[in-house]
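1. Using only what follows, build the 3D model:
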Amino acid sequence: FLVYLKDITHRKAAEEQLRESEERFVKAFEGNPQPMVLTGFNDDRYMDVNLSFILMSGYERKDIIGHTSAELGVWLDRSERVFLTNELKRFREVRNHELRFLTKSAETRVLLASAEILDLRGKQCLLISATDITERKQLEEELAQLTSRLLSIQDEERRRIARDLHDGTAQNLFGISINLSNLQEKFNVDSHEVEVLNDCQVLADETLREIRTLSYLLHPPLLDQAGLVSALQWYVEGFTKRSGIQVNIVAQPIGRLSSEIETALFRIVQEGLTNVRKHSGSDTVVIRLEKKLDEIALEIKDNGSGFKVDLEDPENSEFSGVGIPGMKQRLRQLGGKLEISSHGYGTRISAFVPLTHGAKNGSYSVSRRS
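-> Presented below is the predicted three-dimensional model:
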């Protein structure tokens, strides 16, 4: 008898560890409260799904296993699958990617998905887990629409108050000033009465100027009459006189824009310069306005101390309560985006608005550089 013996203790131990690992994976996969799927990476064919996915999708397991996502038609936009595949090829994993999923009943669900490539028994597989954020997105959209409506109401109310101040209060003060001037002619030039009337005249004229300035700040007539560039030049000149901060505006001839875009960009400049005056300590500001092929770009740049930015939640940043959410929403309702870069030697606020606006899908990004 010739007997060959081979020690396979380590191999058996490895196999046992693999078996236990697979069992743990299966338990975690099946018991996960979030929808999870396992597909082939190259052929996109479903290998397994958990109960949460079945309940969310409306499909039965037999309708899913062995089929591809294209056969089931679960992607509202096929380009989302292409993007996900390309990102996975580059990084082997994707975290918190927003995508839209079609259920069996053709209902759209918004999912926040994470995916990674796994090597299972020599085959490249794709493991995807997702959180259904449909209701949250709907609530966000409703809040965004409400905020947009409030901003529109606010702008209309500013316009109305400005008109009332200009056409009513300012005209009344002008009439008072004329009457005071007429009364002065009734008394001796050196009399006490004339001195009192002179004081009243000065107060009336000063109040008239303040009322007119307030009226123009609420809603400058130039914005409607001559457009954004003229209104900004007027506002910047007054801001420099009031604050002592030198503001240079570089604006290309952009022509007239829609009233929504002109109002939004004017308000962003107002908010931006207000923040510079209150918080930055900057002594100069540069404003650039230019028209590109398909968008309007506005930039407000100062040389101040900057501010702290919360990259996880930009609206919780140091000065988010003084206009940043309003800037963001004004642009969002126009399909635009807001970018903020802040560091120890200045802040840059950039706003971009597409010339063909309407889609409410603007984005918002903030970065901080050391």
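
2. How about the secondary structure of Val37?
-> strand (DSSP: H, G, I helix; E, B strand; the rest coil).

3. So in terms of bridging, what pairs with it?
-> Val49, Ile128 (DSSP bridges).

4. That one contacts Leu51, correct?
-> No. The criterion here is Cβ atoms under 8 Å, and Val37 misses it with Leu51 at 11.8 Å. Backbone N, C-alpha and C define where each C-beta goes, glycine included.

5. Could you list the buried residues of the host helix or strand of Gln154?
-> Taking DSSP states H and E as the criterion, Gln154 maps to helix 134-164. By neighbour count on 16 or more other Cβ atoms under 10 Å, the buried set for helix 134-164 is Lys137, Ala144, Thr147, Ser148, Leu151, Asp155, Arg158, Arg159, Ala162.

6. just checking, what packs against it?
-> strand 108-120, helix 192-218, helix 324-332 (3 or more Cβ pairs under 8 Å, 6 or more residues apart in numbering; DSSP states H and E).

7. follow-up on the earlier one: of the buried residues of helix 134-164, which is the nearest to Asp283?
-> Arg158 (29.4 Å; Cβ to Cβ).

8. Just the pLDDT at Pro314, thanks.
-> For Pro314, the model assigns a pLDDT of 47.

9. ditto for the one 3 residues further on
-> Reading off the per-residue confidence, Ser317 sits at a pLDDT of 48.

10. thinking again about what came up before, which residues sit against the next helix or strand after the helix holding Gln154?
-> The first helix or strand that comes after helix 134-164 along the chain, using DSSP H and E, is helix 170-184. For helix 170-184, the external contacting residues (Cβ atoms under 8 Å, 6 or more residues apart in numbering) are Val194, Leu197, Asn198, Cys200, Gln201, Ala204, Asp205, Thr207, Leu208, Ile211, Arg212, Ser215.

11. rerun at 7 Å
-> Val194, Leu197, Cys200, Gln201, Ala204, Asp205, Thr207, Leu208, Ile211, Arg212, Ser215 (Cβ atoms under 7 Å, 6 or more residues apart in numbering).

12. Could you tell me the angle between that helix and helix 192-218?
-> Helix 170-184 and helix 192-218 are oriented at 170 degrees to each other (axes from the mean of the first three to the mean of the last three Cα atoms, to 10 degrees).

13. Can you classify Gly304 by secondary structure?
-> Per three-state DSSP, Gly304 ends up coil.

14. Got the confidence number for it?
-> 85.

15. Just give the number of residues close to the spatially closest residue to it that is not a sequence neighbour.
-> Closest residue to Gly304 apart from its sequence neighbours, by Cβ to Cβ, 6 or more residues apart in numbering: Ser280 at 2.7 Å. Neighbours of Ser280 under the rule other Cβ atoms under 10 Å: 21.

16. Arg330: what's it in contact with?
-> Leu151, Ala264, Arg267, Ile268.

17. Which helix or strand lies directly C-terminal to the helix or strand hosting the third one?
-> In this structure, Arg267 sits in helix 259-275 according to DSSP H and E. Where DSSP H and E defines the elements, the next helix or strand beyond helix 259-275 is strand 284-291.

18. Save the helices and strands packed on helix 134-164 as CSV, and put in mean pLDDT and distance to Tyr59 too.
-> Formatted as CSV, the helices and strands packed on helix 134-164 follow (pLDDT from 0 to 100; distance: least, Cβ to Cβ, whole Å):
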stretch, mean pLDDT, distance to Tyr59
strand 108-120, 90, 13
helix 192-218, 86, 57
helix 324-332, 84, 35
